[in-house]
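Novice: Sequence plus the predicted model coming up.
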Amino acid sequence: MRCAERPGRALVLAALLAGASLTATSPANAQPEASSLSLPDEAPATAGVEATPPATDLPAAESPAPAGEASPYHPPGFPKMILLDTGHVLGAPLRWKGREWLFFSASTAAIATLSVADESLSDAAREHGPTFGAVGDVFDQLGGGASFVLLGGFYLAGMIGKDSKAKNVCLDGLSASLLSAGIITPVLATVIGRERPTEEQGAYSFHPFEARSFPSGHTTQAFAVASVIATSYDQLWVKITAYGAATMTAWARVRRGKHFPTDVVAGALIGTVVGRSVVHFNRRLRSGEKEPEVSGARLTFLPVVGEGLYGVSATLEF
């Protein structure tokens, strides 16, 4: 009885499916569908063979062609990433909310309060502070060319060891240095125009567009690189070493009378905030997060040549 029932059920099922297909498709499309569904129960010889799946389960019908697959994500190149970093960092105040404005206000108030002791602290550091000899000279250079040598070492180590994180430290450090020590600090220092301690004119002597003591450019550079390294690695000893070296750079600037204490504090804040922001932002870009809109943004470099002045001016338009 069971053997007799199976062909009957197959015929009923085939008839139902054929009738349904006739109402939705043309007769030409309905015939293959009915014949393919009748294959599993056609003969006893096929009883031990796995049933052929219905036409609706065939690979050609269930998945799109390979041409429709999403292409792998490629992060933006270094030039474009610098442009994105520039827009992100310089446009940050437009996105600040209560917490960011509170931090900015508290930092400004703390620097203003500390400035009261600028002269006495500067004099004490120059007269009685330790110089650390040759070691102090090395730390002083971390705010200049030595920091780029350090970043180059990270990139070389990343290439040899195939370590993408080490290479990213170099690229993020270069971007953070350009933005903090190459744009933000020079603009502020030029506009504010504070005289250096060695000029002996006091802590409140300002000559805009002439003097350039506040903030400290060397300290900004050192802390920008240090914050990139410290943010990229989770090990506590890396963070202590990075920020410790940057602090020694700040001390060397005060000890040599190049800057007042508030100059290096402001530079440390700028370098740290920019460095951390660049690392977090670029980490999202490399992970595949959608890039921000950059249409209409244009970065222009122009040479600047004058009497005793040579350089490059950068203009970012949004």
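Specialist: Great, that's in hand.
Novice: Where do the strands of this structure begin and end?
Specialist: Listed in chain order, the strands found in the chain under DSSP state E are 298-306, 309-317.
Novice: domains for the chain, by residue range?
Specialist: Domain ranges of the chain: 2-60, 78-317, per automatic domain parsing.
Novice: deepest of these, which one?
Specialist: Most buried of the domains of the chain, by mean neighbour count (mean count of other Cβ atoms under 10 Å): domain 78-317, with a mean of 17. The way it works is simple: take the backbone N, C-alpha and C, and place the C-beta from them, glycine included.
Novice: So in the chain, which helix runs the longest?
Specialist: Scanning the chain for the longest helix, with DSSP state H as the assignment, gives helix 261-286.
Novice: helices and strands around that helix, which ones?
Specialist: helix 78-90, helix 98-114, helix 118-128, helix 164-179, helix 217-232, helix 236-255 (3 or more Cβ pairs under 8 Å, 6 or more residues apart in numbering; DSSP states H and E).
Novice: So for Val138, which of these sits nearest?
Specialist: Closest to Val138 of the helices and strands packed on helix 261-286 is helix 236-255 (Cβ to Cβ; 8.7 Å).
Novice: List the contacts of the closest one.
Specialist: Outside helix 236-255, the residues that touch it by Cβ atoms under 8 Å, 6 or more residues apart in numbering are 121-122, 125-126, 129-132, 136-137, 139-140, 142-143, 216, 218-219, 222-223, 225-227, 229-230, 233, 259-261, 263-265, 267-268, 271.
Novice: again, but for stretch 188-199
Specialist: Residues from elsewhere that reach stretch 188-199 (Cβ under 8 Å, 6+ apart): 119, 122, 126, 201-203, 205-215, 217, 257-260, 263.
Novice: coming back round to it: now the domains of the chain in TSV, please, with extra columns for mean pLDDT.
Specialist: Below are these laid out as TSV (pLDDT from 0 to 100):
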stretch	mean pLDDT
domain 2-60	45
domain 78-317	88
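Novice: who wins for proximity to Phe281 among the helices and strands packed on helix 261-286?
Specialist: For the helices and strands packed on helix 261-286, the distance to Phe281 is smallest for helix 78-90, at 5.1 Å, taking Cβ to Cβ.
Novice: Out of the helices and strands packed on helix 261-286, flag the one nearest Tyr155.
Specialist: Comparing the helices and strands packed on helix 261-286 by Cβ to Cβ, helix 164-179 comes nearest, at 3.7 Å.
Novice: helices and strands around the closest one, which ones?
Specialist: Using 3+ Cβ pairs under 8 Å, 6+ apart, helix 164-179 sits against helix 78-90, helix 145-161, helix 217-232, helix 261-286.
Novice: In JSON lines, list the ones you listed along with distance to Ala252.
Specialist: Converted to JSON lines, the helices and strands packed on helix 164-179 look like this (distance: least, Cβ to Cβ, whole Å):
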{"stretch": "helix 78-90", "distance to Ala252": "27"}
{"stretch": "helix 145-161", "distance to Ala252": "12"}
{"stretch": "helix 217-232", "distance to Ala252": "8"}
{"stretch": "helix 261-286", "distance to Ala252": "9"}
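Novice: looking at those helices, which is closest to Gly98?
Specialist: Closest among the helices and strands packed on helix 164-179, using Cβ to Cβ: helix 261-286, at 16.8 Å.
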